[in-house]
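Undergrad: sequence and predicted model, in that order:
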Amino acid sequence: MYVLDLLLEEAKGQRASLLAVATMGGIANALLLVGANVLAGAPEWADMRALFLFGLTMATYVLGARATYHRTTSLVEALLHRIRTRIAEKIERTELEGLERVGTAEIFDRVTENMSVVSEQGWVLGSFLQALFVLVFGLVYIAWISLPAFALIALMLVFGFFIVQYRFDEVVPVLRQMGQLRLELFDRVMDLLKGFKEAKFSRRRGREIHDDIVTMAESLRTGAVRTAEGLSGVLVMPNCVLYILLGAVIFTLPRYSGVDVPTMASLVTCTAFVWGPFTSVAGGLNAVFRSSVAFEQIRALEGKLDEAVQRAAVQKPEDPWNGRMGTLSTRDIVYEYPSDNGDRCFRVGPLSLDIEPGEVVFLVGGNGSGKSTLLKVLTGLYPRSGGELRVGGVLVQPENVAAYREMISAIYSDFHLFSKLYGMLDAEPEAVRALIAQMGLKGKTSFEEQQFTRRTLSTGQRRRLATIMTLLEDRPVYVFDEWAADQDPEFRRYFYEELVPALKGRGKTVIAVTHDDRYFHCADRVIKLSYGKVQATTRMDAP
Ligand SMILES: Nc1ncnc2c1ncn2[C@@H]1O[C@H](COP(=O)(O)OP(=O)(O)OP(=O)(O)O)[C@@H](O)[C@H]1O
């Protein structure tokens with residue numbers, strides 16, 4: 001049972017105390033059983049002292065059982081907390097290419113759905129563990145009363161174990177399959193939400209997305225029913241075992257093993273007594289199965305992230321530039337998207353160019369010519385598959401790529417506007433407000449308590465808001481991917497004729513992807529890409 005192994009492995013330092021409280025609960029329960037049996041056979045012993053001992057044992061049981069539930073829940077939650085933190089750290093240490101390969105759906109589903117499955121089952125696992133110990137000590141007592149009865153019960157339990165194993169093999173693949181289905185459902189729901197407007201213009205499209213969602217929801221429903229069916233066998237098993245045991249104890253033991261009537265009565269009571277924890281163990285198996293699969297999938301995600309982190313692993317981070325930008329040179333630089341099925345993917349390069357500090361370079365070319373891809377390679381987001389990228393003669397490599405990126409402020413076409421000024425939480429509010437006015441956003445948003453009061457602006461306005469962050473960062477290199485594409489004529493002009501020259505005037509390097517041929521004269525150089533290669537380079541300052 002994967003989840004129990006994992007729990008005990010994670011419990012390490014607390015394993016002994018967890019087992020101690022579970023044992024305490026189990027022994028106290030067995031002692032209650034013994035006491036009840038003995039006192040039922042000898043009512044003259046049922047005095048105040050016996051009552052006191054009975055109460056004391058009961059209190060011990062309550063304490064042991066409660067401590068077991070509490071510790072198990074704490075352990076499960078601590079384990080989940082560690083996993084969440086670990087996943088967040090791994091994501092942070094991964095590079096873009098690795099993260100794109102894992103995909104958003106899997107990370108989102110495992111961190112939310114799978115974690116809540118385990119969290120909800122936490123206390124059931126506690127009850128499962130407690131019942132397991134009660135069962136063990138109850139059986140020890142039965143063995144003490146009658147070995148044949150114990151053998152019979154043990155036989156039934158072994159039989160029950162095989163049923164559970166069989167159900168486990170049956171149910172677990174369905175649970176795994178449901179985990180995969182949820183990822184597909186996530187993608188379809190994203191289609192529904194992100195493509196909401198597009199779907200409004202085509203009832204057929206809307207219907208087809210809806211049909212796909214219904215099909216997946218139906219598969220999830222069927223899977224849930226199949227799982228419940230499989231587990232219902234486990235849930236009714238304790239009753240069947242109880243009746244078989246009672247039948248066997250009543251009909252076979254007196255006849256074949258010479259057990260006397262009082263012992264028979266004790267055995268019947270004991271059998272009924274172990275039935276309670278047995279039912280809890282069987283009921284808890286549901287939690288064990290579900291949590292095991294949930295953990296297995298979380299571990300699979302962690303495995304994928306580990307691989308991605310491994311590829312991005314750096315032994316000793318270095319910063320050879322100390323924030324000072326030199327000439328950016330590429331020699332036969334190549335990047336090819338990783339392929340899932342062996343098919344050749346899009347490739348940029350081989351490409352060689354030198355960009356001087358303070359130079360303004362525009363990257364132009366048709367759709368899909370590789371401009372954005374090249375930007376990601378030039379900014380160290382994608383690892384190059386070949387060639388060299390140097391800054392001031394120093395090779396950019398995994399050890400120093402983080403320091404290299406710290407010299408760049410970028411606004412990609414699919415930029416994200418953070419809810420807070422992360423990375424610049426100490427920014428001067430007055431400076432931010434001045435930039436808000438400079439970007440024509442006064443009255444649209446304001447800056448209070450380290451965040452913009454409104455971010456639900458138009459795409460062009462949001463891009464201007466993102467620009468404020470880059471200006472605050474004040475780094476040597478500015479990268480803009482189609483910044484002006486969604487700006488009005490006034491801000492388009494502002495970008496090319498004021499912002500870019502102002503940055504150049506401050507010695508900043510500007511690399512911008514653009515389609516605005518009207519403003520090509522604002523660059524020092526225009527590089528035209530075609531099929532991932534440089535087709536033409538035009539120096540705008542050439543006579
Ligand atoms: N994550 C990815 N995996 C595989 N191929 C990709 C990926 N992203 C982009 N591509 C492919 O790389 C090629 C270049 O894309 P890129 O976005 O760099 O072009 P672009 O010149 O910026 O285009 P546009 O002007 O339309 O923005 C395209 O053919 C695209 O299909």
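TA: Now that the structure is in, tell me what you want to look at. Numbering: from 1, shown residues only.
Undergrad: how deep is residue 196 tucked in, by neighbour count?
TA: 11 (other C-beta atoms under 10 Å). For every residue, glycine as well, the C-beta is placed using N, CA and C.
Undergrad: how many residues are close by residue 160?
TA: Using other C-beta under 10 Å, residue 160 has 18 other residues around it.
Undergrad: now swap in residue 77 and tell me
TA: 13.
Undergrad: centre of the chain to the strand or helix carrying it, how far?
TA: Counting by DSSP states H and E, the element that carries residue 77 is helix 48-93. Computed by C-alpha atoms, centre = their mean, to the nearest Å, the separation of helix 48-93 from the middle of its chain amounts to 25 Å.
Undergrad: who's in contact with stretch 337-345?
TA: With contact meaning C-beta atoms under 8 Å, 6 or more residues apart in numbering, stretch 337-345 is reached by 97, 101, 336, 346, 347, 373.
Undergrad: in contact with the fourth one, which residues?
TA: Each residue near residue 346 by C-beta under 8 Å, 6+ apart is listed here: 336, 337, 368, 370, 373, 532.
Undergrad: let's see 7 Å
TA: 337, 370, 373, 532 (C-beta atoms under 7 Å, 6 or more residues apart in numbering).
Undergrad: ramachandran angles for it?
TA: Dihedral pair for residue 346: phi -60, psi 140, per degrees, to the nearest 10.
Undergrad: same check on the second one?
TA: Dihedral angles phi and psi of residue 101 (degrees, to the nearest 10) take the values phi -70, psi -40.
Undergrad: if we can go back for a sec, just the buried members of the contacts of stretch 337-345?
TA: With burial judged by 16 or more other C-beta atoms under 10 Å, the buried subset of these is 97, 336, 347, 373.
Undergrad: okay, those residues in a markdown table with secondary structure, pLDDT and distance to residue 70 next?
TA: As requested, the buried ones among the contacts of stretch 337-345 are exported to a markdown table (DSSP: H, G, I helix; E, B strand; the rest coil; pLDDT from 0 to 100; distance: C-beta to C-beta, whole Å):
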| residue | secondary structure | pLDDT | distance to residue 70 |
| --- | --- | --- | --- |
| 97 | helix | 83 | 44 |
| 336 | strand | 88 | 54 |
| 347 | strand | 89 | 58 |
| 373 | helix | 93 | 54 |
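Undergrad: run a quick neighbour tally on the closest residue to the ligand within the stretch 1-150 of the chain.
TA: Nearest residue of the stretch 1-150 of the chain to the ligand (C-beta to the nearest ligand atom) works out as residue 100 at 5.5 Å. Residues lying near residue 100 (other C-beta under 10 Å) number 14.
Undergrad: and the furthest pair within the contacts of stretch 337-345?
TA: 101 and 347 (17.2 Å; C-beta to C-beta).
Undergrad: and of the contacts of stretch 337-345, the nearest to residue 145?
TA: residue 101 (61.4 Å).
Undergrad: who touches stretch 59-72?
TA: With contacts defined as C-beta under 7 Å, 6+ apart, stretch 59-72 is touched by 14, 18, 21-22, 24-25, 28-29, 32, 122-123, 125-127, 129-130.
Undergrad: try 8 Å
TA: For stretch 59-72, the external contacting residues (C-beta under 8 Å, 6+ apart) are 7, 14, 17-18, 21-29, 32, 122-123, 125-127, 129-130, 133.
Undergrad: buried ones in that stretch, by neighbour count?
TA: Within stretch 59-72, the residues that count as buried by 16+ other C-beta under 10 Å are 60, 61, 64, 65, 67, 68, 69, 71, 72.
Undergrad: just give the closest residue to the last one, not the sequence neighbours.
TA: Residue nearest to residue 72 in three dimensions, not counting chain neighbours: residue 126, with 3.3 Å by C-beta to C-beta, 6 or more residues apart in numbering.
Undergrad: report the central residue of this structure.
TA: residue 111 (3.1 Å; C-alpha atoms, centre = their mean).
Undergrad: what about the spatially closest residue to residue 94 that is not a sequence neighbour, how many neighbours?
TA: Distances taken as C-beta to C-beta, 6+ apart place residue 308 nearest to residue 94, at 4.3 Å, with adjacent residues excluded. Residue 308 has 22 neighbours, counted by other C-beta under 10 Å.
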